[in-house]
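Peer 1: the amino acid sequence is not available; the structure is as follows:
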């Protein structure tokens, strides 16, 4: 049985509240789980202690049993110092989209044309 430590959403529309649960990976996100390990309330400020609550003993137990944390839960565990920090790299994140790249190329071309025109205008009176 492939175990996951992941978030199960609760709360009303536009007011999310999550339970951190140990669940079989084949079960639905908000469906059957084996054990509740903590809570996460994203509406609270980031420096609030109530934002993320975890039962570290049980989390460590499930990690020892081979449970794999989801990406968000692994970030919580990294912040708590339970697991080693992973190196994440997304080099495409900083790149602008296709349209923005096209606009930048057009702008650079116009700037080059304006620079050439200014250079030609500066050379013309010098020759006379």
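Peer 2: Good, I have the coordinates. Note that the coordinates shown come from a computational prediction; the quantities given were computed from them, not determined experimentally.

Peer 1: how about the secondary structure of the residue nearest to the spatial centre of the chain?
Peer 2: Note on the chain: the residue nearest the mean C-alpha position is residue 72, at 8.1 Å, using Cα atoms, centre = their mean. The three-state assignment at residue 72 reads helix, by DSSP: H, G, I helix; E, B strand; the rest coil.

Peer 1: just to check, it is in contact with residue 7?
Peer 2: Yes - counting by Cβ atoms under 8 Å, residue 7 is a contact partner of residue 72 at 6.1 Å. Heads up, the C-betas are built off the backbone N, CA and C, glycines and all.

Peer 1: mutual contacts of the two, please.
Peer 2: residue 40 (Cβ atoms under 8 Å, 6 or more residues apart in numbering).

Peer 1: spatially nearest residue to residue 23, not counting backbone neighbours?
Peer 2: What sits nearest to residue 23 in space, not counting adjacent residues and going by Cβ to Cβ, 6 or more residues apart in numbering, is residue 33, at 3.9 Å.

Peer 1: can you give me the buried ones in the lengthiest helix in the chain?
Peer 2: The residue-count maximum for a helix in the chain (DSSP state H) belongs to helix 98-127. By 16 or more other Cβ atoms under 10 Å, helix 98-127 has no buried positions at all.

Peer 1: that helix: how far from the chain's middle?
Peer 2: The chain centre lies 39 Å from the centre of helix 98-127; the measure is Cα atoms, centre = their mean, to the nearest Å.

Peer 1: can you map out the strands along this structure?
Peer 2: 3-10, 17-24, 35-40, 52-54, 68-69 (DSSP state E).

Peer 1: who does the fourth one pair up with?
Peer 2: The reference is to strand 52-54. Here strand 52-54 has these sheet partners by DSSP bridges: strand 35-40 (antiparallel).
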